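Engineer: Here's my sequence, what's the structure:
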Amino acid sequence: MLKVLREDSTGEMELSGTRSELLALGRELRSGRGEILIPKASNPFPYDRALSRIEFQQASGKVRISPSGDGEAMEIQGELDSLALLADNIEGFALEADQGDHLHVDYFPEHDYLAEGSESLVVGIDGDAPKSS
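Structural biologist: Numbers count the residues shown, from 1 in each chain. The predicted structure follows:
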């Protein structure tokens, strides 16, 4: 099951799910608009809290990942090409990662698809499904 956890002091968020869930998220991101409701994890440790949804929409500029105004969602906004690059990274990770691997999505100057001020995101694999061959 997809989970989004957030550390309030650093702003870092962790997104985790099975390979198929992460691949489905990548497909959804390419559509440019949507909302995915996720059950809140009962124990977000070592993070402060669990979020209940992922919202994404097409907007001008590079991708910005941030908490929603109500603090219950991870918002992802950006131009379609930038959303597609984020989707590529999540899908590639889902296909190739081993259990316990993480993908760090962090802004740095001249980043291909992330906007300055975007929150840090760690993507992880849940479950024990084998990599695709």
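
Engineer: after the longest helix seen in the chain, next one along is what?
Structural biologist: Identified as the longest helix of the chain according to DSSP state H is helix 80-96. Using DSSP states H and E, the helix or strand that follows helix 80-96 in sequence is strand 102-105.

Engineer: elements contacting that following strand?
Structural biologist: With contacts taken as 3 or more Cβ pairs under 8 Å, 6 or more residues apart in numbering; DSSP states H and E, strand 102-105 sits against helix 80-96, strand 121-125. (Glycine included, C-beta is placed from N, CA and C.)

Engineer: quick one: low-confidence ranges for the chain?
Structural biologist: The model of the chain has pLDDT under 70 over residues 127-133.

Engineer: the strands in it, which residues?
Structural biologist: Per DSSP state E, the chain carries strands over the ranges 3-6, 13-17, 33-37, 49-50, 53-58, 64-67, 73-78, 102-105, 121-125.

Engineer: Let's see the third one as CSV, backbone CA atoms only.
Structural biologist: Right, strand 33-37. Only the C-alpha atoms of strand 33-37 are listed here, as CSV (Å, rounded to 0.1, in the frame of the first residue of the first chain):
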residue,chain,number,x,y,z
ARG,A,33,-3.8,15.9,-12.9
GLY,A,34,-5.1,13.7,-10.2
GLU,A,35,-5.5,12.7,-6.6
ILE,A,36,-4.6,9.4,-4.9
LEU,A,37,-6.2,8.7,-1.5
